[in-house]
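In: output the structure for:
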Amino acid sequence: MLEELRAILGDALVTDAARLEAVRTDKSGVHSAGTPLAVVEARGIADVQAAVRWAGAHGVPVVPRGAGTGLAGGAIGGPGELVISTVRMNRVLEVSVDDELAVVEAGVINGDLNAALAPHGLWFAPDPASRAISTIGGNVATNAGGLMCVKYGVTREAVIGLKVVLADGRLLELGRRTVKGVTGYDLTALFIGSEGTLGVIVEATVRLRPLVRGEIVTVSAAFPDVEGAARASAAISASGVKPAVMELLDASALEAIGAHLRLDLGGHGAQLLIRTDGAASVSEAEQIVAIIRAEGGAVEVSHDAREGERLFEIRRSFHAAMEARGAVLIEDVAVPRSALPAMFAAISRIEQRHGISIPTVAHAGDGNLHPNFVIDREPGGGFEVPERVWAAADELFRECLRLDGTLTGEHGVGLLKRRWLREELGDDSFELQRALKAVFDPAGILNPGKVF
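Out: Numbers count the residues shown, from 1 in each chain. Take a look at the predicted model:
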């Protein structure tokens with residue numbers, strides 16, 4: 001079977017042991033049960049189509065994969081599966097300054113796209129923490145967010161067209177280049193966040209924005225407890241001010257980052273980091289400072305862009321600080337912004353009840369929390385999530401749903417959250433979504449075992 005595929009794809013078909021082992025896991029640390037059949041390192045759409053047609057003919061499961069930076073186990077290859085990688089499909093095909101859009105292959109790195117756009121005075125807004133290494137195709141497949149999506153939107157708001165290879169190898173062209181358009185069902189939106197279960201994303205037409213002009217102001221606020229910081233962030237959101245970034249770090253997160261970077265970040269119950277930009281940045285920062293002081297926070301303001309970036313680099317060091325302590329289960333829940341104080345209070349209760357620490361950071365501007373569970377690594381580098389951690393996570397997820405939240409704000413369902421999916425969706429929606437997948441993938445070969 002593989003020789004038949006090699007005759008079609010040549011050296012794009014990879015079967016060496018090291019490469020097969022690498023695609024058994026992603027940044028979540030989850031490993032599949034065994035080694036995949038092969039990896040297709042596609043150079044273009046034709047390679048993807050040929051591989052999918054071959055897989056369909058032989059009943060071989062297909063796992064679409066970008067850079068493998070996912071945190072939910074959604075792109076890992078298991079026994080007998082064919083992993084189709086798009087990382088070599090990395091060309092920026094077009095930049096239209098007049099229409100403020102770009103056409104890119106799925107393997108283009110998020111950060112590389114913005115480097116290419118900067119000379120044109122444009123940028124692509126979605127900025128996941130993995131933007132330096134994650135692909136646009138992966139961003140689309142998980143509807144990735146990031147620090148700045150509170151003001152500028154998640155990936156769904158930035159994608160206006162897609163090319164997708166379906167389970168039978170056909171190429172589906174979706175969306176349009178116009179600002180408006182309501183012809184037919186919005187299948188473009190359907191594929192955004194579909195995690196490779198409906199098709200293989202091979203190209204995207206994305207909406208761009210002019211580079212932000214004006215002063216950048218950074219507000220740093222310390223609070224005696226995390227609930228107070230959460231109340232302040234909710235009050236800022238309710239005020240109508242739209243910061244570009246609003247991040248919240250609890251005491252455990254601050255302590256871990258400080259230890260990792262050898263900085264004194266302790267002594268506070270929580271910290272809010274806020275950035276305003278654009279023409280109204282100074283007046284918006286003044287309004288934010290007034291709200292923070294009314295909520296009992298101690299404020300520092302910086303008009304130095306480099307100092308502001310230094311503060312946010314400290315925030316971006318959180319995951320490295322966690323990984324320095326062991327294997328990390330990085331969770332991802334979101335609640336209405338008004339429910340942030342209640343969600344942080346619930347995390348504190350769960351910590352006490354289960355006797356574990358759950359360091360948490362949040363994209364507070366959109367109610368997206370990242371509770372982290374640090375787990376001892378096994379000798380081989382892998383890890384097994386202890387039952388007591390799953391018990392705490394289960395309670396955390398259910399509390400999130402009770403607050404009208406969602407199980408995942410930006411990481412996706414993948415393997416890690418399948419068991420809770422029906423609880424959030426409800427029986428009717430769950431079954432309807434499974435039926436919808438069957439329309440696009442009647443043989444069930446696309447990323448089986450993920451999401452549903």
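
In: do you know how far Ala298 is from Ser220?
Out: Separation of Ala298 from Ser220 (C-beta to C-beta, to the nearest Å): 9 Å. Backbone N, C-alpha and C define where each C-beta goes, glycine included.

In: and these two? Which one has more around it.
Out: Between Ala298 and Ser220, Ser220 has the larger neighbour count (other C-beta atoms under 10 Å), namely 20 against 13.

In: now do the SS call for the more buried one.
Out: strand (DSSP: H, G, I helix; E, B strand; the rest coil).

In: quick one: the strands in the stretch 101-250 of the chain, in order.
Out: Taking DSSP state E, counting those that start in this stretch as the criterion, the stretch 101-250 of the chain carries its strands at 101-105, 122-123, 159-165, 171-175, 200-207, 209-210, 217-223, 245-250.

In: cool, and the stretch 301-450 of the chain?
Out: 327-330, 333-334, 360-363, 368-375.

In: list the buried residues in the first one.
Out: Read it as strand 327-330. Ala327, Val328, Leu329, Ile330 (16 or more other C-beta atoms under 10 Å).

In: direction included, what does it pair against?
Out: strand 368-375 (antiparallel) (DSSP bridges).

In: can you list contacts of the partner strand?
Out: Defining contact as C-beta atoms under 8 Å, 6 or more residues apart in numbering, one finds that strand 368-375 is touched by 145, 253, 319, 322, 325-335, 340, 343-344, 347, 356-363, 383-386, 389, 392-393, 396, 409-410.

In: same thing with stretch 66-74?
Out: By C-beta under 8 Å, 6+ apart, stretch 66-74 touches 22-23, 25-28, 30, 75-76, 85-87, 106-107, 109, 130, 133-135, 137-138, 141-142, 195-196, 330, 332, 408, 411-417, 447, 450-451.

In: okay, how far is it across it, tip to tip?
Out: With C-alpha to C-alpha, to the nearest Å applied, stretch 66-74 spans 11 Å between its terminal residues.

In: likewise stretch 195-206?
Out: End to end - C-alpha to C-alpha - stretch 195-206 spans 18 Å.

In: run the chain-centre distance for it.
Out: Between the centre of stretch 195-206 and the centre of its chain there are 15 Å (C-alpha atoms, centre = their mean, to the nearest Å).

In: how close does the spatially closest residue to Leu421 that is not a sequence neighbour get to Glu331?
Out: Sequence neighbours aside, Val413 is the residue nearest to Leu421 in space, at 5.9 Å (criterion: C-beta to C-beta, 6 or more residues apart in numbering). As for Val413, its distance to Glu331 is 12 Å (criterion: C-beta to C-beta).

In: please apply the same query to Gly184.
Out: Gly184 is 37 Å from Glu331, by C-beta to C-beta.

In: ok, those two, which is more surrounded?
Out: Higher neighbour count among Gly184 and Glu331: Glu331, with 23 against 7, using other C-beta under 10 Å.

In: where does pLDDT dip in the stretch 351-452 of the chain?
Out: Applying pLDDT under 70 to the stretch 351-452 of the chain flags residues 379-382.

In: redo that, cut-off 50
Out: Along the stretch 351-452 of the chain, the model assigns pLDDT under 50 to no residue.

In: which stretches of it form helices?
Out: 387-402, 418-425, 427-440 (DSSP state H, counting those that start in this stretch).

In: so what pairs up with Val361 in the strands?
Out: Beta-bridge partners, per DSSP bridges, of Val361: Leu249, His370.

In: cool, and Thr135?
Out: Assigned bridge partners for Thr135, using DSSP bridges, are Ile109.

In: looking at it, it is touching Asp112, isn't it?
Out: No. Using C-beta atoms under 8 Å, Thr135 makes no contact with Asp112, being 9.4 Å away.
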